[in-house]
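> Would you be able to build a 3D model of this:
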Amino acid sequence: MKYIVSFLCLVLAFACVPKKEYDSLLNKYMQTQVDKSNVDKDFADYQKLSAENKAKLDASLEKLKNDSTELSKLIDNMKNEMDNLLSEKERIEKENQEKLKDALSQNQKTNAELLQMQLDLEKQKLTLDQKQKDLDKLQSEIALKSNRINDLEKTLNEQKMQSEKLKNMITDALVKFNAGELEVYTKDGKVYVSMSDKLLFKSGSTIVETKGIEALGKLADVIKKNPDILVNIEGHTDNVPYSSSAGCIKDNWDLSLMRASSVLHILTEKYFVSRLQLTASGKGEFSPKATNITPEGKAQNRRTEIILTPKIDKIMELLNDK
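Sure, this is the predicted structure:
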């Protein structure tokens with residue numbers, strides 16, 4: 001209707017226009033209508049395309065919104081995770097700092113303990129070194145003492161053998177005298193010749209009898225063959241008090257000493273035994289060999305003991321050697 005009205009207006013406007021111009025105008029008009037129709041079509045196509053594009057854009061926009069929402073959620077989740085990770089990182093760092101602090105403190109304590117242990121070990125080492133030195137010294141001393149003991153045992157054995165040899169020589173020399181008159185035995189490495197008063201003296205006398213002088217002569221021969229031995233002459237009595245008031249003898253002690261002296265003089269003056277080998281002493285009743293209760297015991301106690309001792313210079317040298 002709107003187009004018809006427009007067309008009538010144009011007809012009325014050009015009613016007075018010449019036909020040529022009219023045709024030209026009509027053609028232009030028709031061409032315009034055609035162009036307008038084309039434009040309308042294009043516009044409709046454009047609108048359709050625009051609607052389609054808009055729908056696509058709306059769909060894309062909706063998808064983008066949805067994606068944006070998901071992305072926002074993802075970002076929020078990631079931020080939460082990041083926050084959690086940062087918190088955990090801070091916690092771990094703090095925990096590690098505490099552990100490091102404790103470790104440093106423990107390390108200092110451990111270092112101090114190790115230092116103390118090292119010092120203790122050094123002290124122990126010094127102590128062990130000193131003990132080792134002491135042990136080495138002790139072992140050396142023990143070795144020296146062991147050698148000295150071996151030497152001493154060897155010397156003692158030699159002395160024992162010498163004493164046995166000396167005993168046998170004396171026994172052989174005095175073989176004619178019976179057991180009641182004298183006894184020969186060894187004790188502590190010494191040879192004892194114990195002569196009874198029946199062999200040497202009459203009761204209360206200090207003068208040696210003939211048979212006793214003979215026995216002393218046999219003994220003197222052995223002594224002179226062994227110039228290295230020492231001889232001690234000991235006089236002994238029983239416990240019966242000395243009763244004679246004559247002379248200078250006051251008691252059994254004097255009697256025992258003078259009897260020992262008489263034996264010494266016979267050995268040196270009659271048989272020429274070296275005075276350097278002899279000594280004399282009196283023991284009186286104070287070193288009994290047996291009991292003084294019985295007559296038999298008293299008889300054993302009335303004796304003169306001649307004690308022969310091999311020289312012990314070598315033994316003393318070993319004992320005194322430091």
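> use CA for all of it now, contacts and neighbours both
Noted.
> Quick one: the strands in this structure, in order.
Taking DSSP state E as the test, the strands found in the chain are 182-187, 190-196, 229-236, 278-284, 303-310.
> Ramachandran angles for T291?
Backbone torsions of T291, given as degrees, to the nearest 10, read phi -70, psi 150.
> will you turn the strands of the chain into TSV that also has mean pLDDT, distance to T291 and mean neighbour count?
Supplementary listing: those in TSV, determined by pLDDT from 0 to 100; distance: least, CA to CA, whole Å; neighbours: other CA atoms under 10 Å:
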stretch	mean pLDDT	distance to T291	mean neighbour count
strand 182-187	93	18	16
strand 190-196	95	16	23
strand 229-236	96	13	24
strand 278-284	96	14	20
strand 303-310	94	14	24
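> Just the helices from the stretch 1-150 of the chain, written as ranges.
Applying DSSP state H, counting those that start in this stretch to the stretch 1-150 of the chain gives helices spanning 2-13, 19-173.
> out of these, nearest to T210?
Proximity to T210, assessed across those by CA to CA, is greatest for helix 19-173 (16.8 Å).
> on that earlier part again, figure out which of the strands of the chain is closest to K137.
Checked against CA to CA, the stretch from the strands of the chain lying closest is strand 303-310, at 35.5 Å.
> how distant is that closest one from the center of its chain?
A distance of 56 Å separates the centroid of the chain from that of strand 303-310, by CA atoms, centre = their mean, to the nearest Å.
> Can you tell me what sits against it?
Counting by CA atoms under 8 Å, 6 or more residues apart in numbering, the neighbours of strand 303-310 from elsewhere in the structure are 159, 162-163, 189-197, 228-237, 259-260.
> Would you list the phi and psi of V175?
Its backbone dihedrals place V175 at phi -60, psi -30, with angles given as degrees, to the nearest 10.
> Distance check, it against D221.
Relative to D221, V175 is positioned 14 Å away (CA to CA, to the nearest Å).
> So which of these two has more stuff around it?
Counting neighbours by other CA atoms under 10 Å for V175 and for D221 shows that D221 has the greater number, 17 against 12.
> need the contact list for the more buried one.
No residues are in contact with D221 under the rule CA under 8 Å, 6+ apart.
> Please tell me how far it sits from K250.
Separation of D221 from K250 (CA to CA) stands at 34 Å.
> so of the helices of the stretch 1-150 of the chain, which one's packed in deepest?
For these, the largest average neighbour count (mean count of other CA atoms under 10 Å) is found in helix 19-173, namely a mean of 13.
> Give the other helices and strands that that helix contacts.
Where contact means 3 or more CA pairs under 8 Å, 6 or more residues apart in numbering; DSSP states H and E, helix 19-173 is packed against strand 182-187, strand 190-196, helix 210-225, strand 303-310, helix 313-320.
> Report the separation between the spatially most central residue of the chain and L114.
The C-alpha lying nearest the average C-alpha coordinate of the chain belongs to L128 (CA atoms, centre = their mean; 6.9 Å). Between L128 and L114 the distance, using CA to CA, works out to 20 Å.
> sorry, back to before: of all the helices of the stretch 1-150 of the chain, which lies closest to L255?
Between L255 and the helices of the stretch 1-150 of the chain, the shortest separation by CA to CA is 26.4 Å, and it involves helix 19-173.
> Need the per-residue pLDDT for K322.
Confidence per residue is given as pLDDT, and for K322 that number is 55.
> again, but for N107
Reported pLDDT at N107 in the predicted model: 74.
> Skip the chain neighbours and tell me the closest residue to K311.
Nearest residue to K311 in three dimensions, chain neighbours excluded: I229, at 5.4 Å (CA to CA, 6 or more residues apart in numbering).
> tell me the contacts of that neighbour?
For I229, counting by CA under 8 Å, 6+ apart, the contacting residues are 223, 277, 308-311.
> Tell me where the model's unsure across the stretch 101-250 of the chain.
Within the stretch 101-250 of the chain, the set of residues satisfying pLDDT under 70 comprises 245-247.
> if we go to 80?
Counting by pLDDT under 80, the stretch 101-250 of the chain contains low-confidence ranges at 103-105, 107, 109, 111, 145, 147-148, 151-152, 155-156, 159, 243-247.
> Mind putting the contacts of I229 into TSV with distance to L216?
Formatted as TSV, the contacts of I229 follow (distance: CA to CA, whole Å):
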residue	distance to L216
I223	10
Q277	15
L308	13
T309	17
P310	19
K311	21
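> just these now: which is nearest E88?
Nearest member of the contacts of I229 to E88, counting by CA to CA, is K311, at 102.1 Å.
> still on that earlier bit, I'd like the helices of the stretch 1-150 of the chain written out as TSV, with distance to L255 added.
What follows is these, written out as TSV (distance: least, CA to CA, whole Å):
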stretch	distance to L255
helix 2-13	198
helix 19-173	26
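> of all those helices, which lies closest to P288?
Set against P288 and scored by CA to CA, the helices of the stretch 1-150 of the chain come closest in helix 19-173, at 22.7 Å.
> okay, S37: pLDDT?
Turning to S37, the model gives it a pLDDT of 81.
> With that, I have no additional questions.
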